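[1] Dropping a prediction and its sequence here:
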Amino acid sequence: MTDTFTDGKPIRLFESGSIMQYLVARYDTDYKISFPPGSREFYEMTNWLFFMNAGVGPMQGQANHFTRYAPEHIEYGVNRYQNETRRLYGVLDKHLSDSKQDYLVGNKCTMADIAHWGWVAAAFWAGIDIENFPALKAWEERMLARPAVEKGRHVPDPHRMKELSKDKEAMERHAAQSRKWVQEGMKKDAEQQK
């Protein structure tokens, strides 16, 4: 991402967590989706952001790959990453249940919730049954009920994962198209690295 920094010069940022931290620090001056730096809630929010960046995202991404995109079924890969994703979902579910809050931190929707939502909304794509995590499922539904989430999930293109999860044939067609695209991209990347 490129933005104009306070000195008027471009600043280039990469990695989703870094981009989110920058956007919140720069533009969320009223702390609508964050907390003041130095506060207990700020550090708790940062914990959950890093939990997504270092845990949920990479593990579920691999679960997605071995479940939907790998050219052949590799049981070890599927089991390894689905099980780890389930473990991480269990951590989220327990936290939401034990804290008795609607959101991950401070009982308000923050960038930590926003960072997790896309992954949790697509749990089925990784072969994860969200029904096994009742507090997390309730949180995901609460997030989807927020008008800003509903609007934002369709930028830049319509987000059809929820609808896709209800039609097994459409899901398989989409997986086949995605698998082909991923495999072609991997082949192209490998050729460029020679």
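    Okay, I see it. As the structure is a computational prediction, the values presented were derived from the model and not from experiment. Residues are numbered from 1 along each chain as shown.

[2] How much space separates Asn132 from Gln183?
    The gap separating Asn132 from Gln183 is 31 Å, by C-beta to C-beta, to the nearest Å. Every residue, glycine included, has its C-beta placed from N, CA and C.

[3] What of Leu13?
    Applying C-beta to C-beta, the value for Leu13 to Gln183 is 30 Å.

[4] so which strand or helix has the nearest residue to Glu41 once chain neighbours are set aside?
    Of all residues not flanking Glu41 in the chain, Phe35 sits nearest, at 3.9 Å (C-beta to C-beta, 6 or more residues apart in numbering). Per DSSP states H and E, Phe35 falls between elements, in no helix or strand.

[5] surely Phe35 meets Phe42?
    Yes. With contact defined as C-beta atoms under 8 Å, Phe35 counts as touching Phe42 (4.3 Å).

[6] of these two, who's got more company?
    Comparing Phe35 with Phe42 by neighbour count (other C-beta atoms under 10 Å), the higher total belongs to Phe35, at 21 against 18.

[7] for that one, phi and psi?
    Dihedral angles phi and psi of Phe35 (degrees, to the nearest 10) take the values phi -130, psi 160.

[8] and if you look at Asp3?
    phi -140, psi 170.

[9] How much space separates it from Ala190?
    33 Å.

[10] what does Arg68 give?
    Distance, Arg68 to Ala190, using C-beta to C-beta: 20 Å.

[11] neighbour-wise, which of those two wins?
    The neighbour count for Arg68 versus Ala190, taken as other C-beta under 10 Å, is higher for Arg68 (19 against 9).

[12] Now do the more buried one, the pLDDT please.
    pLDDT for Arg68: 93.

[13] Surely it is in contact with Ser178?
    Yes. Arg68 is within contact range of Ser178, at 6.3 Å (criterion: C-beta under 8 Å).

[14] how many neighbours does Leu136 have?
    Leu136: 22 surrounding residues under other C-beta under 10 Å.

[15] nope, Phe50 is what I was after
    Quick note: Phe50 (other C-beta under 10 Å) scores 13 neighbours.

[16] which element is it on?
    Taking DSSP H and E as the definition, Phe50 sits inside helix 40-51.

[17] Show me which residues of that helix are buried.
    Neighbour-count burial for helix 40-51 flags 41-42, 44-46, 48-49, 51 (criterion: 16 or more other C-beta atoms under 10 Å).

[18] any idea which helix or strand carries the closest residue in space to Glu131 that isn't next to it in sequence?
    With C-beta to C-beta, 6+ apart as the criterion, Glu131 has its nearest non-adjacent residue at 6.5 Å, and that residue is Lys137. Assigned by DSSP H and E, Lys137 belongs to helix 134-144.
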